[in-house]
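Trainee: here's a sequence, model it:
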Amino acid sequence: MPSLCLSLTMPDGSHRSLPIVRALTSVGRSIDNAIAIDHPSVPDCAFQIEREGSGALALTALVSAKTALPRLNGKPCERTRLRVGDRIELGDIALVLEELAEPISPIARPSSEVTATIAQDALATLLNFSEAMLGDYRLAPLLDLMMDQVIALTRADRGFLLLLEDGIPSVKVARNPRRENLTDAATLLSDSIVKRVLQTRQPQLVHDALSDPDFSQSASVINLKFLSVLCAPLVEKGEVLG
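Mentor: Residues are numbered from 1 along each chain as shown. Sure thing, here's the model as predicted:
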């Protein structure tokens, strides 16, 4: 299967090639997207491109206003399959689906400088949380703060804390990047990944859940269209707490 990319043309005429390497690729102005385009005419979350089981790519608009819909080959589009050569317009920018001459790896190894920066950010986050614990030990606000800092550090779309109650995992904290509580949190979780972690007592890092053979057929993974997932057990004195 050929490697594909979106060839981006900005209003000033500059060009960039944006590889499509995930099973689900979101595109928009927000840095939370897999492909972030910094231009005021682009919606925060414009559309997503999903690689279907057949290998075909499908575009789905993520905007509610009809006037903000992406334009595919000059026409507003809510959902359709894509073909090489298709032109997608977002505000004042244009993207064209193209084949890459050289295959690309879906997961790049971070440089030593990037790794060092991540480690420094992690230590700073741990220090800030430790200072908060010393200043005001109220459990609920501290748990919210902890999850907010984890989400900010990892740039996750959402974060959860689950504790076992009579052997059943129960959601105690569910937050998003805007530091808001999530409603219906249990419906946003992957029960298959949580079950694996509780059984093995080992952390589970899934780079692309929709393509992972162990989880790709899970109903929760399919319905929620998970990409990268990190789930770790809470263990004290040999007992799994959550």
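Trainee: quick one: contacts for residue 100?
Mentor: Residue 100 is in contact with 2-5, 17, 19, counting by Cβ atoms under 8 Å, 6 or more residues apart in numbering. Using the backbone N, CA and C atoms, a C-beta is placed for each residue, glycine as well.
Trainee: could you dump the residues you listed to JSON lines with neighbour count and distance to residue 91?
Mentor: Shown next, in JSON lines, are the contacts of residue 100 (neighbours: other Cβ atoms under 10 Å; distance: Cβ to Cβ, whole Å):
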{"residue": "2", "neighbour count": "10", "distance to residue 91": "29"}
{"residue": "3", "neighbour count": "16", "distance to residue 91": "27"}
{"residue": "4", "neighbour count": "20", "distance to residue 91": "23"}
{"residue": "5", "neighbour count": "19", "distance to residue 91": "20"}
{"residue": "17", "neighbour count": "10", "distance to residue 91": "20"}
{"residue": "19", "neighbour count": "16", "distance to residue 91": "22"}
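Trainee: from those residues, which has minimum pLDDT?
Mentor: Among these, residue 2 has the lowest pLDDT, at 64.
Trainee: returning to what we had before: can you put the contacts of residue 100 in TSV and add secondary structure and distance to residue 193?
Mentor: Output for the contacts of residue 100, formatted as TSV (DSSP: H, G, I helix; E, B strand; the rest coil; distance: Cβ to Cβ, whole Å):
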residue	secondary structure	distance to residue 193
2	coil	31
3	coil	28
4	strand	28
5	strand	30
17	strand	33
19	strand	26
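Trainee: output the lowest mean pLDDT helix or strand found in this structure.
Mentor: helix 112-135 (a mean of 58; mean pLDDT, DSSP states H and E).
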